[in-house]
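Asker: Pasting the sequence and the predicted coordinates here, then a few questions.
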Amino acid sequence: MSCYYSAKEMGFYNSDIHKDIPEDAVKITEEYHQILLNGQSEGKDIIIDKNGNPILFDPLKGKEKEIYISRFEMCIEQYLNNVAQEKGYNDIISLCSYATSTNEKFQKEGIVGNEFRDKVWEKFFELYEQIKNNKRDLRISPEKLCKLLPKIVWPS
């Protein structure tokens with residue numbers, strides 16, 4: 001029997017059980033397979049090192065979570081600014097400032113911008129709690145996580 005780990009599938013494979021083993025799978029010993037499983041049961045994650053081998057990562061140690069959350073926040077700021085810029089505003093702050101405009105078109109867009117910004121940050125805090133409580137995979141880039149954010153619906 002041979003054991004394998006696939007980073008792409010994020011799973012283990014046993015040559016006695018599985019006929020199709022993913023191409024990216026790397027061979028590991030049975031002993032190391034058990035070490036990885038034990039680490040997972042202790043709350044650690046399996047990530048891939050620079051050589052493509054599975055290793056244990058403790059998301060509770062070090063600054064990894066803080067860095068990840070900071071990158072996620074930067075992605076959100078950029079996302080909000082990009083949405084505002086698509087409509088011709090300098091940034092999200094500029095867009096939201098038009099909520100009190102005397103121009104009806106700009107006022108509607110400003111109000112929608114404020115509501116949109118609130119929904120995006122509400123989603124951030126929902127995802128933040130998941131990250132904080134180890135319910136979100138830190139291997140998923142913050143940029144990909146931003147794809148879960150609400151989309152704006154502009155007034156017609």
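Answerer: Sure thing, it's come through.
Asker: going forward, measure contacts between C-alpha atoms and count neighbours the same way
Answerer: OK.
Asker: what stretches of the protein score poorly on pLDDT?
Answerer: Along the chain, the parts satisfying pLDDT under 70 run over 59-62.
Asker: Please enumerate the helices of it.
Answerer: 30-41, 64-86, 92-97, 104-132, 142-145 (DSSP state H).
Asker: the domain parsing of this structure - what is it?
Answerer: For the chain, automatic domain parsing gives the domain ranges 3-57, 64-148.
Asker: I'd like to know which of the ones you listed lies nearest to Pro155.
Answerer: domain 64-148 (6.6 Å; Cα to Cα).
Asker: How far does the closest one sit from its chain's centre?
Answerer: 14 Å (Cα atoms, centre = their mean, to the nearest Å).
Asker: and the end-to-end length of that domain?
Answerer: 21 Å (Cα to Cα, to the nearest Å).
Asker: now swap in stretch 139-148 and tell me
Answerer: 15 Å.
Asker: buried sites along it?
Answerer: Neighbour counts over stretch 139-148 (16 or more other Cα atoms under 10 Å) mark 142, 145-146 as buried.
Asker: What of stretch 117-125?
Answerer: Those would be 117, 120-121, 123-124, for stretch 117-125 by 16+ other Cα under 10 Å.
Asker: Also stretch 2-9?
Answerer: Result for stretch 2-9 [16+ other Cα under 10 Å]: buried residues 3-7.
Asker: Next, format those residues as a markdown table and append distance to Leu37.
Answerer: Shown next, in a markdown table, are these (distance: Cα to Cα, whole Å):
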| residue | distance to Leu37 |
| --- | --- |
| Cys3 | 12 |
| Tyr4 | 13 |
| Tyr5 | 11 |
| Ser6 | 14 |
| Ala7 | 15 |
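Asker: Closest one of those to Gly39?
Answerer: Tyr5 (14.6 Å).
Asker: and the gap between that closest one and Ile48?
Answerer: From Tyr5 to Ile48 the distance is 10 Å (Cα to Cα).
Asker: Same check on Gly88?
Answerer: Note on Gly88: its distance to Ile48, by Cα to Cα, is 42 Å.
Asker: ok, those two, which is more surrounded?
Answerer: Set Gly88 next to Ile48 and count neighbours by other Cα atoms under 10 Å: Ile48 wins out with 17 against 11.
Asker: Who is that one paired with across the strands?
Answerer: Pro54 (DSSP bridges).
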